[in-house]
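Chemist: curious how this folds, go ahead:
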Amino acid sequence: MATGKKFDYRVSESNGSWSAEITRRASARKTVTSKVQDGFASEAEAKQWAESELKAILENVRTRQEAKKQ
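Modeler: Below you'll find the model as predicted:
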């Protein structure tokens, strides 16, 4: 069984502005972008936003999975 992450984030720079995106593995070959935010002044700000959004998404997935079990 594969041990890769289903959700992750990417931080990139373009023309002095930083952007962050939350990605999801749809299949072995396809990656889908779930959320994008740009216009950050620094890499640290972009990374902080991405980590907080990723945490919120994972918590939402966890609660939906627990609700399905019941």
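Chemist: CA atoms for contacts and neighbours, from now on please.
Modeler: Noted.
Chemist: in this structure, which spans are strands?
Modeler: 7-14, 17-25, 31-40 (DSSP state E).
Chemist: where's stretch 36-55 relative to the chain centroid, distance-wise?
Modeler: Mean-position distance between stretch 36-55 and its chain equals 10 Å (Cα atoms, centre = their mean, to the nearest Å).
Chemist: tell me the mean pLDDT over it?
Modeler: Average pLDDT, stretch 36-55: 96.
Chemist: outside of that stretch itself, list whatever touches it.
Modeler: 7-13, 16-22 (Cα atoms under 8 Å, 6 or more residues apart in numbering).
Chemist: out of these, which are buried?
Modeler: Neighbour-count burial (16 or more other Cα atoms under 10 Å) applied to these gives 7, 9, 11, 13, 18, 19, 20, 21, 22.
Chemist: okay if I get those residues as TSV plus distance to residue 50?
Modeler: Shown next, in TSV, are these (distance: Cα to Cα, whole Å):
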residue	distance to residue 50
7	11
9	6
11	8
13	14
18	12
19	9
20	6
21	7
22	7
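Chemist: ok, those vs residue 66, which is closest?
Modeler: Nearest to residue 66, judged by Cα to Cα, of those is residue 7 at 18.3 Å.
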